[in-house]
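Trainee: the sequence and its predicted three-dimensional model are supplied below.
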Amino acid sequence: MKQVTATGQTVDEAVQSALKQLNTSRDQVDIDIIDEGKKGLLGLFGSKPAIVKVSITENGIQQAEDYLVNIVKQMGVDVEVETIVKDRDVYFNLTGEKIAILIGKRGQTLNALQYLVQLAINRKPDQYYTVIIDAEGYRERRRQTLENLATRLADKAIQTKRDVSLEPMPSYERKIIHTVLQKDDRISTFSDGKEPNRFVVIRP
């Protein structure tokens, strides 16, 4: 955490001095007043300077975005990142050239990026965010593909009267399968296996 201790004739002057040193604004810092100081006689004799400790506030979401951009650059891809925060959900939408590299086969690269950023953003124990990384609408296309796949494999399970196992997928993709099939009373669904290789089983 970047921080400085500064002095001034008043608390405000000390804070302004610290902000100048940190090259930031007041809304981006935490201020700890160590000594409010004392004016002294006629403003001169017996005066004591005000002392403050000013720390830049850690913004986990911004750090996660910077982390994501850095990883993507290491992959040789330049992207624009749109960050949307809804309660405890953080959406990172990526746009740019070579976007297919970031998606990978069946979204595997995108899922790996999402997993890494999820770990990065939740390093502090006092906060928890769910991270969703999308690349030019891939997640919505994938959702439609999974819904169609779920319906098709449910029919297969019913016809063969046998369990049908899907490929391993992350939890939010498994949730899509469970959700689309929960109203079909001819089958039940459950997840099996261990992360990151958990998969959905469709049972007649």
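Mentor: It's in. Numbers count the residues shown, from 1 in each chain.

Trainee: which strands or helices does the one helix or strand Lys156 maps to pack on?
Mentor: Taking DSSP states H and E as the definition, Lys156 sits inside helix 138-160. Helix 138-160 sits against strand 164-165, helix 171-181, strand 199-203, with contacts defined as 3 or more C-beta pairs under 8 Å, 6 or more residues apart in numbering; DSSP states H and E. All C-beta spots, glycine's among them, are computed from the backbone N, C-alpha and C.

Trainee: how big is the angle separating that helix from strand 199-203?
Mentor: Using axes from the mean of the first three to the mean of the last three C-alpha atoms, to 10 degrees, the direction of helix 138-160 lies 30 degrees away from that of strand 199-203.

Trainee: starting at the chain centroid, how far to helix 138-160?
Mentor: Computed by C-alpha atoms, centre = their mean, to the nearest Å, the chain-centroid distance of helix 138-160 equals 28 Å.

Trainee: gap between Lys38 and Thr10?
Mentor: Computed as C-beta to C-beta, to the nearest Å, the Lys38 to Thr10 distance reads 11 Å.

Trainee: any idea where the strands of this protein begin and end?
Mentor: Along the chain, the stretches classed as strands by DSSP state E are 3-8, 29-35, 50-56, 80-86, 89-95, 130-135, 164-165, 188-192, 199-203.

Trainee: packing partners of the third one?
Mentor: Counting by 3+ C-beta pairs under 8 Å, 6+ apart, the packing neighbours recorded for strand 50-56 are strand 3-8, helix 11-22, strand 29-35.

Trainee: who wins for proximity to Tyr128 among the ones you listed?
Mentor: Distance to Tyr128, taken as C-beta to C-beta, is lowest for strand 29-35 among the helices and strands packed on strand 50-56, at 21.3 Å.

Trainee: what comes up buried for stretch 84-103?
Mentor: Neighbour-count burial for stretch 84-103 flags Val90, Phe92, Asn93, Leu94, Leu102, Ile103 (criterion: 16 or more other C-beta atoms under 10 Å).

Trainee: now do the contacts for the last one.
Mentor: The neighbours of Ile103, taking C-beta atoms under 8 Å, 6 or more residues apart in numbering as the test, are Thr109, Leu110, Ala135, Tyr138.

Trainee: pLDDT score for it?
Mentor: According to the per-residue confidence, Ile103 scores 92 in pLDDT.

Trainee: and it, how far is that from Pro49?
Mentor: Ile103 sits at a distance of 57 Å from Pro49 (criterion: C-beta to C-beta).

Trainee: then the fourth one?
Mentor: Computed with C-beta to C-beta, the distance linking Leu94 and Pro49 is 49 Å.

Trainee: nearest the middle, which residue of this protein would you pick?
Mentor: Among the residues of the chain, the one closest to the centroid is Val131, at 4.0 Å (C-alpha atoms, centre = their mean).
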